[in-house]
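Peer 1: Take a look and give me a structure for this.
(2 chains)
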Protein chains: 2
Amino acid sequence: MTNLFSEQVVKILERKLNFPKKLIPLHEPSFSNKEYKYLKECIDSTFVSSVGKFVDLFESKMVKFTGAKYSIAVVNGTAAIHAGLKIIGVKNGSEVLTPSLTFAGATNAITYCQAIPHFIDSEQVTLGVDPKKLRKYLEKITIFRNKKCINKTTGKSIDAMIITHLYGHPCNMQELLRVSKDFNVPILEDAAEAIGSYYKKKHVGTFGQVGVVSFNGNKPITTGGGGIILTNSQKIANEARHLTTTAKIPHLWEHRYKEIGYNYRMPNINAALGLAQLENLPKILKNKRDIFREYDKEFKKIDGVYLKKEPKNCKSNYWLNTLILNKHKKKQRLDILRKSNQRNIMTRACWMPMHRFPHFKKFPKMNLDIADQIYETAITIPSSPNLLKIFK
Amino acid sequence: MTNLFSEQVVKILERKLNFPKKLIPLHEPSFSNKEYKYLKECIDSTFVSSVGKFVDLFESKMVKFTGAKYSIAVVNGTAAIHAGLKIIGVKNGSEVLTPSLTFAGATNAITYCQAIPHFIDSEQVTLGVDPKKLRKYLEKITIFRNKKCINKTTGKSIDAMIITHLYGHPCNMQELLRVSKDFNVPILEDAAEAIGSYYKKKHVGTFGQVGVVSFNGNKPITTGGGGIILTNSQKIANEARHLTTTAKIPHLWEHRYKEIGYNYRMPNINAALGLAQLENLPKILKNKRDIFREYDKEFKKIDGVYLKKEPKNCKSNYWLNTLILNKHKKKQRLDILRKSNQRNIMTRACWMPMHRFPHFKKFPKMNLDIADQIYETAITIPSSPNLLKIFK
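Peer 2: Okay, here's the model as predicted:
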């Protein structure tokens, strides 16, 4: 009986994807003719490295698209989080609240600052940080000292919280901003997976002190490898630009540095690719929304599973469409993953919660039942913008 | 009188560069038709990110070119040094010997490991680490404890030494390898500036436990931003590949990690550019050698300055041709830098020695007279491979 259900789910995917003879990737980029054009122009200019007009154009187009006041293009999302955390005040020995249920880059970046990740739980409705549970937890475990939020148990200062818009679905920003304000803990908004996602008509990544977007090859648009820092503060923007350019002090002929810096700026050649991609983004987002609708229709036909939908008052980019199994079907997860991958349909487990890894076990955490539960019931399915051509 | 000399030097440059109307850069890349071809092929494959055939091709071509057994392409030279240091055993609290006279990337990378840079001096003949002075210093300040080299003053273990082939000129590898062996301190060979440079017919970057090459836009060949780790050890190669790929454990559908890792792999699109560049490298190196000869002829005509020549038994890539002023002319340095830059000739001071920066002042160091002296007498001059077309 149990096998019947997993077979049913995989059959829906197979039919929809027209019984693929070769592997359907989870998410591959789609290109127009502009990519060639801009890459050629970039080569012809000889400026292919960390200075050049495509970096400027890409940054200003991102500003226009997201509504953030400033943007600083960097080598990848992890680098953006690392620099962002440093700039909002995370230092050696700081504690940083971060969802356990997300890609490892955020937790890793916290450790690059010699800070301590403190894992917090997610909620079913957004897949992001649960603001109510977080508030209750912070009320219990923290006190204020010199206006700083201090973990009573460890005595450490909680200097930032990362909140992640998982798979492109916006978090409950209104409540999270209240928690941030009430406990005086700045937000780094991890919108790595969420270009083109909106919370109440405002682009995500523009609510926190710093926002971060990724342009890795598996994202809706790509620069090969790349990421960007978003902020509305000129001071943070200047500091981000400085810190990610090896903290070099401008001078006509001397090589001088003010502090320890990072070689994190996005090369012009990657920005050229990104600019073309950004011009295609509205089309890509439309396709991804249509893909969600098509899948949703199919999965509504059976019980025991549903396709994750954008939260109320939000617009999701539907980066990776995600099946959520009913709790009593969670034993079917492995079977669905195994069968679909065997039949040329790339599906993936949800991000494994960070607190499960031996090397992160020593770090503080709250009760993480929902993170575990989402992990145990979620499966991501092929979501490339070009899938509409394949769909039956 | 003093102005006469600086005017003389700048005049030589001006004449040679045909009285430029627009700025002659210090080093710009030169491209063939292959770059665009490979970029197009890369886009068409849809694999533009950290997996793809161009990364593999670039790595295997680098293996062939340098003679290293293994190579791992990464986002830049600083990332390569950071990962390399971690892999050869540098950890929180380690001391790492490093030349004060080099680009800040090496010293920064040491601090990313939470290790302590320990600045060592350079020599005039190679511009690299002085092996004799280093040996004497280590004899004085270190003892062996459990076969480890311990700094007697700080009690810290000296776990690595970085040696840099400055401006492409190979260090005295024979003597440095002896020091490394006698004091049991592994070498990370910073060949960031030295693609195409040879010590006794063997490519630099292949002598130490780990070697590093940079492909930043100002280097002889470029990937936009990029670097590579070279090694002859399969164990180090595997570890480097693992650590720079976020330490992910391969699995068909799960996202599992073994340790804290880094998002450091070179994107396929950058490797496509690099492959084309690597195919042009022999031509580029020939041009750069001719440029050295042409400049050298001119500067032989006047006293008080000479063009830095490759050390004996070595072949330099002549990355940045470097004028060395006689000691008694060093007061002319600023005047030459100012005048040349005013006249559309980009010249640069030598890397400012790291021990001079306030944020590095607290770190241990030996006597650094020669590093200071080289800095105070050296000026780098335009060295792009395409200069021959301009030369008078």
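Peer 1: how far away is the closest residue to chain B within the stretch 251-392 of chain A from residue A:42?
Peer 2: Residue nearest to chain B within the stretch 251-392 of chain A (CB to the nearest CB): residue A:267, separated by 3.4 Å. Glycine gets a C-beta too; all of them are placed from N, C-alpha and C. Distance check for residue A:267 against residue A:42: by CB to CB, to the nearest Å, it reads 9 Å.
Peer 1: list residues touching both of these two?
Peer 2: Shared contacts of residue A:267 and residue A:42, defined by CB atoms under 8 Å, 6 or more residues apart in numbering or on different chains, comprise residue A:48.
Peer 1: Of those two, which one has the most company?
Peer 2: residue A:267 (37 against 27; other CB atoms under 10 Å in any protein chain shown).
Peer 1: wait, doesn't that one sit right on residue A:49?
Peer 2: Yes. Between residue A:267 and residue A:49 there is a contact at 5.3 Å, judged by CB atoms under 8 Å.
Peer 1: between those two, what contacts are shared?
Peer 2: By CB under 8 Å, 6+ apart, residue A:267 and residue A:49 have these common neighbours: B:217, B:224, B:225.
Peer 1: can you narrow the residues you listed to ones near chain A?
Peer 2: B:217, B:224, B:225 (CB under 8 Å from any CB of the partner chain).
Peer 1: between those, which is closest to residue A:247?
Peer 2: Closest to residue A:247 out of those is residue B:225 (16.8 Å), distances taken as CB to CB.
Peer 1: check which helix or strand covers the residue in the stretch 101-250 of chain A that chain B sits nearest to.
Peer 2: Nearest residue of the stretch 101-250 of chain A to chain B: residue A:217, at 2.3 Å (CB to the nearest CB). For residue A:217, there is no helix or strand it lies in under DSSP states H and E.
Peer 1: Not counting its neighbours along the chain, what's nearest residue A:237?
Peer 2: residue A:70 (3.5 Å; CB to CB, 6 or more residues apart in numbering or on different chains).
Peer 1: So what does that neighbour have for phi and psi?
Peer 2: Per-residue torsions, residue A:70: phi -140, psi 150 (degrees, to the nearest 10).
Peer 1: Now for it, how many residues are close by?
Peer 2: 20.
Peer 1: That one touches residue A:228, doesn't it?
Peer 2: No. Counting by CB under 8 Å, residue A:228 is not a contact partner of residue A:70; they are 10.1 Å apart.
Peer 1: Now residue A:365. Its backbone dihedrals?
Peer 2: phi -160, psi 160.
Peer 1: check contacts around it.
Peer 2: Contact analysis of residue A:365 by CB under 8 Å, 6+ apart lists A:100, A:118, A:119, A:120, A:355.
Peer 1: So which of these are in strands?
Peer 2: Mapping the contacts of residue A:365 onto strands (DSSP state E) picks out A:118, A:119, A:120.
Peer 1: how about these in CSV, adding neighbour count?
Peer 2: As requested, these are arranged in CSV below (neighbours: other CB atoms under 10 Å in any protein chain shown):
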residue, neighbour count
A:118, 23
A:119, 21
A:120, 25
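Peer 1: which of these lies closest to residue B:133?
Peer 2: residue A:118 (47.8 Å).
Peer 1: Show the contacting residues for that closest one.
Peer 2: Contacts for residue A:118 (CB under 8 Å, 6+ apart) come out as A:95, A:96, A:97, A:98, A:151, A:158, A:363, A:364, A:365.
Peer 1: Name the SS class of the second one, please.
Peer 2: To tie it back to what came earlier, the one meant is residue A:96. strand (DSSP: H, G, I helix; E, B strand; the rest coil).
Peer 1: which residues are in contact with stretch A:173-189?
Peer 2: Outside stretch A:173-189, the residues that touch it by CB under 8 Å, 6+ apart are A:81, A:84-85, A:88-89, A:97, A:129, A:131-132, A:134-135, A:138, A:142, A:144, A:147-149, A:158-163, A:165, A:199-200, A:204-212.
Peer 1: quick one: buried residues of it?
Peer 2: Using 16 or more other CB atoms under 10 Å in any protein chain shown as the test for burial, stretch A:173-189 gives A:173, A:176, A:177, A:179, A:180, A:183, A:185, A:186, A:187, A:188, A:189.
Peer 1: For it, what is the distance to the chain centroid?
Peer 2: Distance of stretch A:173-189 from the chain centroid (CA atoms, centre = their mean, to the nearest Å) equals 18 Å.
Peer 1: Likewise for stretch A:233-253?
Peer 2: For stretch A:233-253 - counting by CA atoms, centre = their mean - the centre lies 25 Å from the chain centre.
Peer 1: Just the buried residues of stretch A:325-341, please?
Peer 2: For stretch A:325-341, burial by neighbour count (16+ other CB under 10 Å) applies to A:325, A:329, A:332, A:333, A:335, A:336, A:337, A:339, A:340, A:341.
Peer 1: That stretch near chain B anywhere?
Peer 2: Yes. Judged by CB under 8 Å from any CB, stretch A:325-341 and chain B are in contact via A:337, A:341.
Peer 1: contacting residues for the residue nearest to residue A:237?
Peer 2: A:63, A:230, A:231, A:232, A:233, A:234, A:236, A:237, A:240.
Peer 1: how close does it get to residue A:391?
Peer 2: 39 Å.
Peer 1: Break chain A down into its domains, please.
Peer 2: Chain A breaks down by automatic domain parsing into domains covering A:2-27+A:281-389, A:34-277.
Peer 1: Next, count neighbours for residue A:235.
Peer 2: Residues near residue A:235, counting by other CB under 10 Å, number 10.
Peer 1: buried set for the longest helix seen in chain A?
Peer 2: Counting by DSSP state H, the longest helix found in chain A is helix A:268-299. For helix A:268-299, the buried set under the neighbour-count rule, 16+ other CB under 10 Å, comprises A:268-278, A:280-281, A:284-285, A:287-289, A:291-292, A:295, A:298-299.
Peer 1: What strand or helix carries residue A:178?
Peer 2: Here residue A:178 sits within helix A:173-183, counting by DSSP H and E.
Peer 1: Can you check what angle separates that helix from strand A:95-99?
Peer 2: With axes from the mean of the first three to the mean of the last three CA atoms, to 10 degrees defining the directions, helix A:173-183 sits at 160 degrees from strand A:95-99.
Peer 1: What's the first helix or strand after helix A:173-183?
Peer 2: That would be, after helix A:173-183 and using DSSP H and E, strand A:187-190.
Peer 1: Each with direction, which strands does that next one pair with?
Peer 2: Counting by DSSP bridges, the strands paired with strand A:187-190 are strand A:158-164 (parallel), strand A:210-214 (parallel).
Peer 1: interface residues of the stretch 101-250 of chain A facing chain B?
Peer 2: Residues of the stretch 101-250 of chain A lying close to chain B (CB under 8 Å from any CB) are A:103-105, A:108, A:111-112, A:114, A:216-218, A:222-225, A:246.
Peer 1: Can you tell me which of the residues you listed is nearest residue A:3?
Peer 2: residue A:218 (30.6 Å).
Peer 1: mind listing what the residue lying closest to residue A:288 once chain neighbours are set aside touches?
Peer 2: Excluding the flanking residues, the one nearest residue A:288 by CB to CB, 6+ apart is residue A:318, at 4.7 Å. Contacts of residue A:318 were listed using CB under 8 Å, 6+ apart, and they are A:167, A:168, A:288, A:289, A:291, A:292, A:310, A:383.
Peer 1: Quick one: classify the last one as helix, strand or coil.
Peer 2: With three-state DSSP as the basis, the three-state label of residue A:383 is coil.
Peer 1: thinking it is in contact with residue A:27, fair?
Peer 2: Yes. Taking CB under 8 Å as the definition, residue A:383 is a contact partner of residue A:27 at 5.4 Å.
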